[in-house]
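A.B. asks: Next comes the sequence, and after it the predicted model I'd like to discuss.
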Amino acid sequence: LGYLKAGLIAADKITVVSPTYAREIMSPEGGMGLDGVMNARHDDVIGIVNGIDLEVWDPSCDPHLNYPFSARTPLRRLGNRYDLLDRFGLPHRHGPVFASVNRLTWQKGMDLLADVADEFFWKDGMLVVHGQGDPHIEGKFLEAAERYPQHVSVKIGYDESLAHLIHAGADAMLVPSRFEPCGLTQLYALRYGCIPIVARTGGLSETIIDANDAAVHAQAATGIQFLPIDHQGLRHALRRAVKLYRRHRTWERLRRQAMKTDCSWERSAEQYCEIYSRLLNENAELRQTA
């Protein structure tokens with residue numbers, strides 16, 4: 001018996017956590033055996049992007065930070081960078097600090113990130129990784145930290161306070177997921193001015209505006225997207241990020257634009273309310289005609 005399949009067939013409406021993911025799960029690769037059902041119900045599938053708790057994730061009054069900051073006080077963010085490097089035992093260099101707070105799994109693309117650790121050495125950048133998951137992938141990151149001790153540092157596990165510091169102190173947040181229904185890490189990163197570098201899939205492609213020339217010129221860009229989702233695509237994204245970082249004014253404009261992004265539940269909640277209200281009205285009309 002497939003209870004999920006029964007629910008998909010019987011439901012009045014089906015909501016998923018991004019419009020792009022709604023399309024992806026109708027393919028054999030994304031549907032994972034349920035693509036036939038999803039295609040049969042395609043008119044009733046609605047994608048609504050997630051939001052985040054703006055009180056828990058607020059850099060201006062975050063109790064986990066020694067240096068609270070906002071888009072109006074960007075210089076205070078620098079103190080978090082130094083706190084972060086000290087926590088991970090990395091030197092206070094001027095290169096970009098990349099980070100990843102994630103489950104260390106194949107789905108999250110973390111094996112790809114471990115395989116390109118040499119990029120941080122050659123580009124004079126640094127990488128901090130915090131998470132746990134597949135022991136093999138954990139081992140790959142620990143090996144990378146041994147090879148490049150001045151550039152890569154890893155803390156296996158999960159600590160909420162440390163996660164907040166990473167978002168507040170790193171320059172860029174890496175989310176190389178092979179598939180991602182919506183994702184929250186990139187939304188936390190936007191809120192904290194930590195530029196998201198994301199794979200172009202699911203909700204990641206919905207929530208981040210790529211820093212191509214047109215978007216940068218229009219001051220609309222909020223991060224970097226990459227495709228294909230493989231080693232080459234990720235390397236290219238990292239190199240793009242380093243080039244942007246070296247253009248100090250451009251990077252700071254990108255950071256400010258990221259922090260302006262509305263990551264709240266306001267719009268999404270309105271969409272859910274509209275769907276539920278419409279269903280209630282339709283059911284009431286059915287009862288009256290019955």
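C.D. replies: Received it, and whenever you're ready, just let me know what you need.
A.B. asks: which stretches of the chain aren't confidently modelled?
C.D. replies: Along the chain, segments meeting pLDDT under 70 span 290.
A.B. asks: how about 90 then?
C.D. replies: Where the chain drops to pLDDT under 90, the residues are 1-2, 74, 121-124, 282-290.
A.B. asks: quick one, helices of the stretch 1-150 of the chain?
C.D. replies: 3-10, 19-24, 28-31, 35-40, 77-87, 110-115, 118-122, 135-147 (DSSP state H, counting those that start in this stretch).
A.B. asks: neighbouring contacts of the shortest one?
C.D. replies: Spelled out, it's helix 28-31. Here helix 28-31 makes contact (Cβ atoms under 8 Å, 6 or more residues apart in numbering) with Y21, E24, I25, D35, V37, M38, F179. Using the backbone N, CA and C atoms, a C-beta is placed for each residue, glycine as well.
A.B. asks: Dump the helices of the stretch 1-150 of the chain to TSV, plus mean neighbour count and distance to A241.
C.D. replies: Formatted as TSV, the helices of the stretch 1-150 of the chain follow (neighbours: other Cβ atoms under 10 Å; distance: least, Cβ to Cβ, whole Å):
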stretch	mean neighbour count	distance to A241
helix 3-10	11	38
helix 19-24	21	22
helix 28-31	13	27
helix 35-40	16	34
helix 77-87	18	16
helix 110-115	22	13
helix 118-122	17	10
helix 135-147	16	18
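A.B. asks: Is the one residue sitting closest to the centre of the chain in a helix, a strand, or coil?
C.D. replies: Centroid-nearest residue in the chain: Q186, 2.6 Å away (criterion: Cα atoms, centre = their mean). Following DSSP: H, G, I helix; E, B strand; the rest coil, Q186 is assigned to helix.
A.B. asks: For burial, what's the neighbour tally of I208?
C.D. replies: 26 (other Cβ atoms under 10 Å).
A.B. asks: isn't it right next to A199, touching?
C.D. replies: No. I208 is not in contact with A199 according to Cβ atoms under 8 Å; the separation is 10.0 Å.
A.B. asks: Quickly list what's touching both of these two.
C.D. replies: Joint contacts of I208 and A199 (Cβ under 8 Å, 6+ apart) are Q225.
A.B. asks: Am I right that the residue nearest to the centre of the chain is in contact with T207?
C.D. replies: Yes. Using Cβ under 8 Å, Q186 is in contact with T207, at 5.9 Å.
A.B. asks: Okay, and the beta partners of S100?
C.D. replies: Applying DSSP bridges to S100 gives these bridge partners: V129.
A.B. asks: residue ranges of the strands in this structure, please?
C.D. replies: Applying DSSP state E to the chain gives strands spanning 14-16, 45-47, 97-101, 126-131, 152-156, 172-175, 195-199, 224-226.
A.B. asks: Point out the other helices and strands that the first one packs with.
C.D. replies: Applying 3 or more Cβ pairs under 8 Å, 6 or more residues apart in numbering; DSSP states H and E, one finds that strand 14-16 makes contact with strand 45-47.
A.B. asks: Would you mark the buried spots in the strand it packs on?
C.D. replies: V45, G47 (16 or more other Cβ atoms under 10 Å).
A.B. asks: can you count the residues close to the closest residue to R235 other than its chain neighbours?
C.D. replies: Excluding its sequence neighbours, the residue lying closest to R235 (Cβ to Cβ, 6 or more residues apart in numbering) is V116, at 5.4 Å. Look at V116: counted by other Cβ under 10 Å, it has 18 neighbours.
A.B. asks: just checking, V116 touches D230?
C.D. replies: No. Checked against Cβ under 8 Å, the pair V116 and D230 is beyond contact range at 10.1 Å.
A.B. asks: so R93 touches H151, yeah?
C.D. replies: No. Contact criterion Cβ under 8 Å: R93 and H151 do not qualify, at 9.0 Å.
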